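Q: coordinates only, sequence not included:
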Ligand code: DAH
């Protein structure tokens, strides 16, 4: 029996080594090691031998099988080198449908709320626009009726860029008002979500980086009533219930008249807490009718068109929606916070 195996092995290895195509290699594998292969046949015959002979011949046959497999592998590798073709075997497969062990993470709460706002405003016919975070003094201030020596600049503690006098990190998303009018003209309905920066001292409700969204709607005969309708419907969508707002007159150089919109504090339900500075209300957004000078800067005729603009912090809205009591959580990178969304 051993002699038979020895002879078979010799022939097989010779044939394998002189094989010069992948095809013939495959055939040889089948011929010797396949289900009905010659060596497989011999192995099947072992069961008819006596116990000791079976053990002895069994070991010998297994050894031969391993040598054949080794010869097949080596010949395949040298054929791969010669032809530059790589044969992929079942062991090399990756099952892409297997569940991954890596955790995928989740959206940051600020992105989550921003995408929600984008959906709501798109459904109201608004475009979603994007713009530069490093902005010219003109679009961030001057085009919005805030000249160089205007006191309104003092409330926006700006990051100026060393060596570039007319470039600032935008202090608000209002920087896109005139850019949008210049690009699309009137009528226009658009929101501009994005990051803003101010040289602000950090506390529970202020951070130097925060996210805002600006809205702009310009058309014939637009009034504060249109603003009220839009704001009421988006706030009710976001909070899933009717929201009671408080409107106060407010001053912003780029709107006339201007006003501030307050919301009841979500954290304390109006009782007073550190977020609302014990007033029960949180200042939610600035808004107003776009100033004729701003319309002109955007190339829109103020005699034909009117419009409203509003701006608010996505950061503040997210704090209210998810009852987050400290703004520093957002950029603190603490996974215990981030994994809750
Ligand atoms: N840009 C203002 C800020 O960051 C917010 C604002 C006020 C935007 C009034 C407006 C507006 O569009 O009409 O404080």
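A: Yep, it's here. Model, not experiment: these values are computed from the prediction. Numbers count the residues shown, from 1 in each chain.
Q: for the stretch 151-300 of the chain, what spans make up the strands?
A: Taking DSSP state E, counting those that start in this stretch as the test, the strands found in the stretch 151-300 of the chain are 160-161, 164-169, 188-197, 209-219, 246-249, 255-264, 281-290.
Q: could the ones you listed go into JSON lines alongside mean neighbour count, mean pLDDT and distance to the ligand?
A: Any C-beta I mention is one placed from the backbone N, CA and C, and that applies to glycine too. Below are these laid out as JSON lines (neighbours: other CB atoms under 10 Å; pLDDT from 0 to 100; distance: least, CB to the nearest ligand atom, whole Å):
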{"stretch": "strand 160-161", "mean neighbour count": "12", "mean pLDDT": "88", "distance to the ligand": "17"}
{"stretch": "strand 164-169", "mean neighbour count": "15", "mean pLDDT": "89", "distance to the ligand": "13"}
{"stretch": "strand 188-197", "mean neighbour count": "21", "mean pLDDT": "97", "distance to the ligand": "7"}
{"stretch": "strand 209-219", "mean neighbour count": "22", "mean pLDDT": "97", "distance to the ligand": "5"}
{"stretch": "strand 246-249", "mean neighbour count": "11", "mean pLDDT": "90", "distance to the ligand": "12"}
{"stretch": "strand 255-264", "mean neighbour count": "18", "mean pLDDT": "93", "distance to the ligand": "4"}
{"stretch": "strand 281-290", "mean neighbour count": "21", "mean pLDDT": "92", "distance to the ligand": "2"}
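Q: wait, which of those strands is closest to residue 76?
A: Nearest to residue 76 among these is strand 188-197; the distance by CB to CB comes to 55.5 Å.
Q: Tell me how far that closest one lies from the chain's centre.
A: Here strand 188-197 is found 18 Å from its chain centre; the criterion is CA atoms, centre = their mean, to the nearest Å.
Q: Contacts for that strand, please.
A: 114, 117-118, 121, 124-131, 133, 159, 169-173, 176, 180-181, 184, 208-219, 307, 314 (CB atoms under 8 Å, 6 or more residues apart in numbering).
Q: Okay, now the sheet partners of that strand, with direction.
A: Using DSSP bridges, the strands paired with strand 188-197 are strand 127-128 (parallel), strand 209-219 (antiparallel).
Q: between the ones you listed, which gets nearest to residue 146?
A: Between these, strand 209-219 lies closest to residue 146; by CB to CB that is 15.0 Å.
Q: give me the element residue 308 is part of.
A: Secondary structure from DSSP states H and E places residue 308 in strand 306-313.
Q: is that strand up against the ligand anywhere?
A: Yes: legend: contact between strand 306-313 and the ligand by CB under 6 Å from any ligand atom is shown at 309, 310, 311.
Q: residues in contact with the second one?
A: When you say that, I think you mean residue 310. Applying CB under 8 Å, 6+ apart, we find residue 310 in contact with 214, 215, 227, 231, 261, 285, 286, 287, 288.
Q: Spatially nearest residue to the third one, not counting backbone neighbours?
A: If the residues on either side of it in the chain are set aside, residue 227 comes closest to residue 308, at 4.2 Å by CB to CB, 6 or more residues apart in numbering.
Q: what do you get for the first one?
A: Leaving out its chain neighbours, the residue that sits closest to residue 214 by CB to CB, 6+ apart is residue 173, at 3.8 Å.
Q: That neighbour contacts residue 210, correct?
A: No: with contact defined as CB atoms under 8 Å, residue 173 does not count as touching residue 210 (10.5 Å).
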